[in-house]
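S.K.: My questions concern the predicted model and sequence given below.
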Amino acid sequence: FGPQGFGQHTVVNDFSGDTYLSFLTCLHYLESENSTLEGYTVGEREEKGENSVGASSGGPRVTTTSEKLDNDLFSLYFDGSSLGNPGRAGAGFVLRSGGREVARGKKYLGSPFTNNQAEYVAMTHGLKVAADYGATELTVFGDSMLILRQMKGEYRVGNKLIMYHNQAKRQAKTFTRVRYIWIPREENKEADELAKSAAICG
């Protein structure tokens, strides 16, 4: 957990109440997971020509490879986490192509956010990164049946999610084809851990 991550969490000068509890919880989480995740960056990768690329202001800073990849091989894994639902929330995504990871990112969203809102934010950011790679077709994997079925038009969208849903749908329209596939949480572990670490550590 790099200096920048702690910089985002420098409310630690007030070691009272929820702030102190949040700080201790963050440290315990990082120790238990042996995490090397940074603030909104996910793992600096210097080997194999990989580098850290900053997105536009307000978006995720993600670690990516430098080259464009085959359009039809992209898959996106996303997840959101909310402590209290609604509460402190985080979003995480992993983008793969050709059987290997090419980008991942996470973001602390603030509070209060519901888990479903955080899920939508994670997916929307992941869709944008995939588009930035030049993907035209994408398979999206998530463990939220509600979100995936809403994106497929099978479930109606309530007032609390409509704004997030519309943002995701607009981003999805940049692709010629998007498939949405539900997976169990155990198969979405990386995105889940990114979202949880963002929610806990800020």
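M.R.: That came through, no problem. Small disclaimer: the values here were computed from a predicted structure and weren't measured.
S.K.: Would you mark the buried spots in the lengthiest strand in the chain?
M.R.: Looking across the chain with DSSP state E, the single longest strand is strand 100-113. Within strand 100-113, the residues that count as buried by 16 or more other CB atoms under 10 Å are 101, 102, 103, 104, 105, 106, 107, 108, 109, 113. Using the backbone N, CA and C atoms, a C-beta is placed for each residue, glycine as well.
S.K.: From residue 115, how far out is the fourth one?
M.R.: Read that as residue 104. 20 Å (CB to CB, to the nearest Å).
S.K.: Which secondary structure state does residue 160 sit in?
M.R.: coil (DSSP: H, G, I helix; E, B strand; the rest coil).
S.K.: burial measure for the residue nearest to it when sequence neighbours are not counted, as a count.
M.R.: Closest residue to residue 160 apart from its sequence neighbours, by CB to CB, 6 or more residues apart in numbering: residue 114 at 6.7 Å. Around residue 114 there are 18 other residues, counting by other CB atoms under 10 Å.
S.K.: Enumerate every residue touching residue 114.
M.R.: Taking CB atoms under 8 Å, 6 or more residues apart in numbering as the criterion, residue 114 is in contact with 82, 85, 86, 89, 160.
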